[in-house]
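>>> could you work out the structure for the sequence below:
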Amino acid sequence: MKTDVLVIGEGLAGSAAAIEAARLGASVVLVSAEHGSSDRAQGGIAAATLPEDSPRLHALDTLAAGAGLCDPDAVAMLTAAGPVTVHWLESLGVRFDGGAAREAAHSLPRVLHLGGDKSGETLMAYMRAAIDGEPRITRVRARLESLLGDGVCVGAAFVGDLTIAAGVTVLATGGYAGLYGRTTNSRISNGKGILAAARSGARVSDLEFVQFHPTVFDGPGHFLITEALRGAGAHLVDQHGERFVDELLPRDQVARALAMHDGPTYLAAMHMEPDLLRRSFPNFMRNCRRAGIDPRREPVPVAPAAHYTMGGVVTDLDGRSSIPGLFAAGECARTGVHGANRLASNSLLEAATFGRRAGNAAAGVQPVPAVALRAPKVWRRGELSVVDVGQILDSAAGVTRDGHTLESALNRLRSGAVSEVAADAAEMASMICAAALARPHSLGAHQRSDEPALLAV
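Numbers count the residues shown, from 1 in each chain. Just a heads-up that it's a prediction; the model follows:
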C-alpha cells in the first residue's frame, strides 16, 4: 500500500492531521489499533474565548504550570490558536456545552466541555463523522511494528506483514502512561510510536516528565475523576473529613500532596448540589454507582495514577521531527508547550492545534527518496512480563523518585530477561527511568525524594 500521507493514530491529533492533509488534496491512510486517550478525556479543551480572558493570560498560566521548561514561542502559538481551533472544531459540527469551567492552575474559567464530563468521547464522535466525510482518507486497523527508512522515514510496517509506503508519516500514537501498573490510560498508550521514532534516529526528550492525575478512584476498576469536579467545589479530605491541600493547585502539587499524605485520601462532594452532579458530571455519577458508592452521601477514595506524559519526539511548531519524512503530533510529540507539567485541558487543545499544523505541513512536503528498510526487532527472551514492567515503573518512576530506586529499576529492566511481548515495554521503561535518573533535581512533575527541599507543596 502507498499513500501521500500516512497518519498513525486516530485520536484527536491524528484525526486533525488526516482531515487537514486530505483537504489540501493529499491521499491519506489513517491507521490505528484501537481508540486511545482522546476518547477517555473527561475535562474539555482550554481556550481563551470569554471577553474577560485573553491568549496572553492563558499563556501565563501555561508557563507557570510548566515550571520554567516550556518553550515560550510554542506556548504563545498554542494559546493564540485557542479560539481559532475552537471555531475550526465547530466548523466540523462540534457543539460545546454552554459556558466555561475553571480547572486547576487556570486563573479564569476557560475550559469548554462537551457532554459534561464526557468531553473526549463526545468530541471524537464528531471527529470520526468528519473523517467519514473525507473521500481522500482511507482507514486501516493495524498495530505499529516499526518505521521504515534509514535515517529518514518512508512509511511504516505493521503487525501482520502490512507495509505502507508514504511520502510523509505523521505519528499520533499517544504517550506512554499506559505502561504504568496504575494508570488512567488505555494499555495501547505504551510509547510504541516514540520508541519506533527513537530507533529510527529521531530525537526524543523529557521522558522523565510523567503527570499523575490526583483524583483516580482508589479501588477495583480505578476510574478517572475529572479535575472539573474540584473546580466546581469538591474537596480533598483525609479520613477525618479535614481538607489538607488547595484543590486548585497545579496537578503535580496536588498529586504529590496525596501521595505523601499519611493515611487514605478522599474526594468529598456531599456538600454540592445533587442536580449539579447529575447534570454536569454524569460519568462520575455512573462510575460511582458501579463501584457501589453514592457520592451525594459519602466521600470517594482517591489516589494518584499515571495520566499524561510530557516527553516524546522533539518537533518544531509544524510537527517536523529531526529526521526527514517524519512528523509527530499530540501526546507522542514534545512540542515544548507543556514543559515539566501540563496545564489542565491544554492536551486536547494541543492535539487539535498541532495535529492541524502537522497535517497542513505534511501535505506540502516533497516525498523523501530512500530505500525502505524494516527496522530490526529487538528483544531478549525470558520471564519479565508487561505487568512486571508496570510494577517497576509504579515503584521507581512514580509521583516521587530517588536515585537508588531508579538505578535498581534500570538494572532489572536492562539485565533481566524479558519475553518477546514485553521487550518494547521494557525498553521504553528503561528510557523513562534513565531520563529520570539523569535529572537529579526536582522540577514540575519530576520530583526526587532525595532532594527534599524541593518537595514541599
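>>> now the helices: where do they sit in the stretch 151-300 of the chain?
192-199, 227-231, 251-260, 274-280, 282-290 (DSSP state H, counting those that start in this stretch).
>>> contacts for the shortest one?
Taking Cβ atoms under 8 Å, 6 or more residues apart in numbering as the criterion, the residues outside helix 227-231 that touch it are 42-44, 101-104, 111, 113, 117, 213-215, 236, 247-248, 251, 267, 269, 280-281, 284, 344-345. In short, each C-beta sits where N, CA and C put it, glycine included.
>>> show me how to select, in ChimeraX, the buried members of these.
Paste this into ChimeraX to select the buried members of the contacts of helix 227-231, with burial taken from 16 or more other Cβ atoms under 10 Å:
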select :42,43,44,101,102,103,104,111,113,117,213,214,215,236,247,251,267,269,280,281,284,344,345
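>>> can you tell me which of the contacts of helix 227-231 are in strands?
If you go by DSSP state E, the contacts of helix 227-231 have V111, H213, P214, T215, L236, L267 in strands.
>>> how about the contacts made by F327?
Contacts of F327 (Cβ under 8 Å, 6+ apart): 17, 168-171, 315, 318-321, 358, 361-362.
>>> just V159 next, same as before
A142, R143, L144, E145.
>>> cool, D117 as well?
Applying Cβ under 8 Å, 6+ apart, the residues near D117 are Q42, G43, T226, A228, L229, S280, F281, P282, N283, F284.
>>> could you give the bridge partners of it?
L114 (DSSP bridges).
>>> how near is it to G339?
For D117, the distance to G339 (Cβ to Cβ, to the nearest Å) stands at 26 Å.
>>> how about L348?
18 Å.
>>> returning to what we had before: for the contacts of V159, which PyMOL command selects only the ones that are buried?
Buried subset of those, written as a PyMOL selection, criterion 16+ other Cβ under 10 Å:
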select buried, resi 142+144+145
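>>> between the contacts of V159, which is closest to L207?
L144 (18.4 Å; Cβ to Cβ).
>>> phi, psi for that closest one please.
phi -60, psi 140 (degrees, to the nearest 10).
>>> ok, now R56?
phi -60, psi -40.
>>> repeat for the one 4 residues further on
Here is the backbone geometry of L60 (degrees, to the nearest 10): phi -60, psi -40.
>>> ok, and the closest non-adjacent residue to it?
S107 (7.5 Å; Cβ to Cβ, 6 or more residues apart in numbering).
>>> does that neighbour touch A59 like I think?
No. S107 lies out of contact with A59 (Cβ atoms under 8 Å); the separation is 11.1 Å.
>>> between these two, which has more neighbouring residues?
A59 (22 against 12; other Cβ atoms under 10 Å).
>>> does that one touch M77 like I think?
No. With contact defined as Cβ under 8 Å, A59 does not reach M77; the gap is 9.5 Å.
>>> which residues do those two both contact?
With Cβ under 8 Å, 6+ apart, A59 and M77 have no common neighbours.
>>> related to what we said a few turns ago, and the residue nearest to L60, how far is that from S54?
11 Å.
>>> over to P109?
Taken as Cβ to Cβ, the span from P109 to S54 is 13 Å.
>>> G201 now?
41 Å.
>>> returning to that earlier point: what's the closest of the contacts of F327 to S415?
L171 (29.9 Å).
>>> tell me the pLDDT of the closest one.
Each residue has a pLDDT score; the one for L171 is 98.
>>> run through the bridge partners of it.
Here L171, judged by DSSP bridges, has bridge partners I8, A328.
>>> ok, it - contacts?
8-9, 193-194, 196-197, 313, 321, 326-329, 332-333.
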